[in-house]
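Visitor: need the 3D shape of this:
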Amino acid sequence: MEIHLNRGMPGMPPLPTQLPTLLLLLGAAAIGFGLLLLWNEWLLRWLVAGVFLVVGGLLLLTGLRAKRMLG
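Guide: Numbering: from 1, shown residues only. Modelled structure (predicted):
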């Protein structure tokens, strides 16, 4: 199987030209957010609580909708 480096593999879309820049920005943002969490441990507590509130709310809404559909 011949792979053309300029055009990518046949049948596969080429990589976007902005992908390296996007990955660099996301990596820098993740590092900055990690440093922010190191200095403010209360922020991690609020983030975890928020995730649980969102997941619990979604489960509650899904259960209510399923209950309404069944009976």
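Visitor: low pLDDT regions in the chain?
Guide: Counting by pLDDT under 70, the chain contains low-confidence ranges at 1-10.
Visitor: make it 80
Guide: The model of the chain has pLDDT under 80 over residues 1-15, 71.
Visitor: tell me which helix or strand comes right after the helix or strand containing Leu26.
Guide: Per DSSP states H and E, Leu26 falls inside helix 19-39. Downstream of helix 19-39, the next assigned helix or strand under DSSP H and E is helix 41-70.
Visitor: tilt between that following helix and helix 19-39?
Guide: Angle, helix 41-70 to helix 19-39, by axes from the mean of the first three to the mean of the last three CA atoms, to 10 degrees: 110 degrees.
Visitor: next, the buried residues of helix 41-70.
Guide: Buried residues in helix 41-70, counting neighbours by 16 or more other CB atoms under 10 Å, are absent. From N, CA and C alone the C-beta is placed, and that goes for glycine too.
Visitor: so how far is stretch 34-50 from its chain's centroid?
Guide: 17 Å (CA atoms, centre = their mean, to the nearest Å).
Visitor: can you give the contact residues for that stretch?
Guide: Around stretch 34-50, nothing counts as a contact under CB atoms under 8 Å, 6 or more residues apart in numbering.
Visitor: let's see it as PDB, backbone CA atoms only.
Guide: The C-alpha coordinates for stretch 34-50 follow below in PDB (Å, rounded to 0.1, in the frame of the first residue of the first chain):
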ATOM      1  CA  GLY A  34      -4.000  23.000  36.100                       C
ATOM      2  CA  LEU A  35      -1.900  25.700  37.600                       C
ATOM      3  CA  LEU A  36      -5.000  27.600  38.600                       C
ATOM      4  CA  LEU A  37      -6.300  24.500  40.400                       C
ATOM      5  CA  LEU A  38      -3.000  24.100  42.200                       C
ATOM      6  CA  TRP A  39      -3.300  27.600  43.700                       C
ATOM      7  CA  ASN A  40      -7.100  27.500  44.300                       C
ATOM      8  CA  GLU A  41      -8.100  24.100  45.600                       C
ATOM      9  CA  TRP A  42     -11.600  25.500  46.400                       C
ATOM     10  CA  LEU A  43     -12.100  25.800  42.600                       C
ATOM     11  CA  LEU A  44     -11.700  22.100  42.200                       C
ATOM     12  CA  ARG A  45     -14.300  21.400  44.900                       C
ATOM     13  CA  TRP A  46     -16.800  23.700  43.100                       C
ATOM     14  CA  LEU A  47     -16.000  22.100  39.700                       C
ATOM     15  CA  VAL A  48     -16.600  18.600  41.000                       C
ATOM     16  CA  ALA A  49     -19.800  19.600  42.700                       C
ATOM     17  CA  GLY A  50     -21.000  21.300  39.500                       C
END
